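Student: Coordinates for the following, if possible.
(2 chains)
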2 protein chains.
Amino acid sequence: LENSVIFCDIGNTSFHFYEDGKTYKESVESFNPQTITKKVYFISVNVKFNNKLKELDNWIDLAGAIDKSKYYETMGVDRMVAVEAFTNAVIVDAGSAITVDVVRDGFFEGGFIYPGVNAMSETYKRISPALDYNFNFDLDIEKLPKNSQDAISYGFLKTLYSEVLSHSLPIVLMGGDAYKFQAIFKEARVDELLLFKSMKNLLKKL
Amino acid sequence: LENSVIFCDIGNTSFHFYEDGKTYKESVESFNPQTITKKVYFISVNVKFNNKLKELDNWIDLAGAIDKSKYYETMGVDRMVAVEAFTNAVIVDAGSAITVDVVRDGFFEGGFIYPGVNAMSETYKRISPALDYNFNFDLDIEKLPKNSQDAISYGFLKTLYSEVLSHSLPIVLMGGDAYKFQAIFKEARVDELLLFKSMKNLLKKL
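Tutor: Predicted coordinates:
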């Protein structure tokens, strides 16, 4: 990735930056985009900053470089940017929600949304205090569980795994929980810089 | 099922009765087991009634008829009773939680727990108000979604479906949401009386 330019992926909880080979995060609660004077190429799923960023000349929205007709209206631009980076892949973005998008022969087939680790953990706990366990990511997914912790871990993880694998495409993991999920998706590749690399390519199409 | 005997499946929210060919429910909040003077054969996952029912001579716990060494300690007795009814099946009990149990050649392979419809709907809504949709049970699970409602419906339903089908066994649906799920699990058989039929067979082993 080139230096002297800043890339930023704006989500619902943080500004995720890439600059000079390093990544860092700022909270959406406290960060003021005006404090940056360098050029920032960004994508955003956070509507709260739409107007503010339009007023700042050095913040340039990369969404305009994407052919949105390939996707659907309510789809997050971060998912589109990830898909743009591949010709054949299942892209699993494991954050507060887990989005799974399938691209085959350069064609976006569609995608789905699954709850993230914290959200799903809350869910089991709320169904019954007897299901208040941490997920076991070292679970042997080849064996049906015979204890409660593995029963909810398998329910959360193996179901997702079975579906993702059914597409018979290379699996790419990204997002804050990517490494956790690699324990289950052993054949997957983790790419933490995926969005930023794809944003750099989109720059050329601006 | 024989008449003149009452069968009862006690869950966390209701007493589910079978009597004279009919089923009915009573809320755990308001129902008093002492109001029944006939013989009741019951199973219960509700620890709140353990002591009360032991004092009543006409309430007979069928749990004693099950060889529990085949199962695991924290497994609900209702799941064991369902498994006892089959030699080869994947049993999907779609209630507030969805339990999935696999029995092959009469051997209990294990099972897992997945959130029920209401719990999962709450989960998506809590992740983001943008995901506050009812699930689409008429979803075409052969096609990856390209809109938000189908994206969460697929995330909830197709993942479960892919895993359940992977066991290549007949699928039996039970529980309050059994008919909803049959729209997705088209090859499945719904059996609303499954637990009561299995309880009747267990009677012989008492």
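Student: tell me the mean pLDDT over the helix or strand that contains residue A:172?
Tutor: Counting by DSSP states H and E, the element that carries residue A:172 is strand A:171-174. Averaging pLDDT along strand A:171-174 gives 98.
Student: Tell me if it is near chain B.
Tutor: No. Judged by C-beta under 8 Å from any C-beta of the partner chain, strand A:171-174 stays clear of chain B, getting no closer than 14.6 Å. (Each C-beta comes from the backbone N, C-alpha and C, glycine too.)
Student: the inter-axis angle of the helix or strand where residue A:152 lies versus helix B:148-165?
Tutor: Using DSSP H and E, residue A:152 sits within helix A:148-165. Here helix A:148-165 points in a direction 110 degrees away from that of helix B:148-165 (axes from the mean of the first three to the mean of the last three C-alpha atoms, to 10 degrees).
Student: hey, C-alpha coordinates of helix A:148-165 in CSV?
Tutor: Extracted in CSV, the C-alpha atoms of helix A:148-165 (Å, rounded to 0.1, in the frame of the first residue of the first chain):
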residue,chain,number,x,y,z
SER,A,148,-23.9,-27.8,26.9
GLN,A,149,-20.9,-25.6,26.1
ASP,A,150,-20.1,-27.5,23.0
ALA,A,151,-23.9,-27.7,22.1
ILE,A,152,-24.2,-23.9,21.8
SER,A,153,-20.7,-23.5,20.3
TYR,A,154,-21.6,-26.1,17.6
GLY,A,155,-25.0,-24.4,17.1
PHE,A,156,-23.3,-21.0,16.5
LEU,A,157,-20.2,-22.1,14.6
LYS,A,158,-20.8,-25.4,12.8
THR,A,159,-24.1,-24.2,11.2
LEU,A,160,-22.2,-21.2,9.8
TYR,A,161,-19.3,-23.4,8.7
SER,A,162,-21.5,-25.9,6.9
GLU,A,163,-23.1,-23.2,4.9
VAL,A,164,-19.9,-21.3,4.1
LEU,A,165,-18.2,-24.5,2.9
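Student: Looks like residue A:120 contacts residue A:156 (just checking).
Tutor: Yes. Between residue A:120 and residue A:156 there is a contact at 5.1 Å, judged by C-beta atoms under 8 Å.
Student: Compare the two (neighbour count), which wins?
Tutor: Comparing residue A:120 with residue A:156 by other C-beta atoms under 10 Å in any protein chain shown, the one with more neighbours is residue A:156, at 27 against 24.
Student: OK, contacts around that one?
Tutor: Residue A:156 makes contact with A:120, A:124, A:135, B:114, according to C-beta atoms under 8 Å, 6 or more residues apart in numbering or on different chains.
Student: And those, which two are furthest apart?
Tutor: By the measure C-beta to C-beta, A:135 and B:114 form the most distant pair in the contacts of residue A:156, at 13.1 Å.
Student: So between those two, which is more surrounded?
Tutor: Legend: neighbour count by other C-beta under 10 Å for residue A:135 and residue B:114, higher for residue B:114 (28 against 20).
Student: Just checking the distance from stretch A:39-54 to the centre of its chain.
Tutor: Relative to its parent chain, stretch A:39-54 has a centroid offset of 18 Å by C-alpha atoms, centre = their mean, to the nearest Å.
Student: Quick one: end-to-end distance for it.
Tutor: With C-alpha to C-alpha, to the nearest Å applied, stretch A:39-54 spans 13 Å between its terminal residues.
Student: nearest residue to residue A:66 other than its sequence neighbours?
Tutor: Using C-beta to C-beta, 6 or more residues apart in numbering or on different chains and skipping residues adjacent in sequence, the residue nearest residue A:66 is residue A:80, 5.2 Å away.
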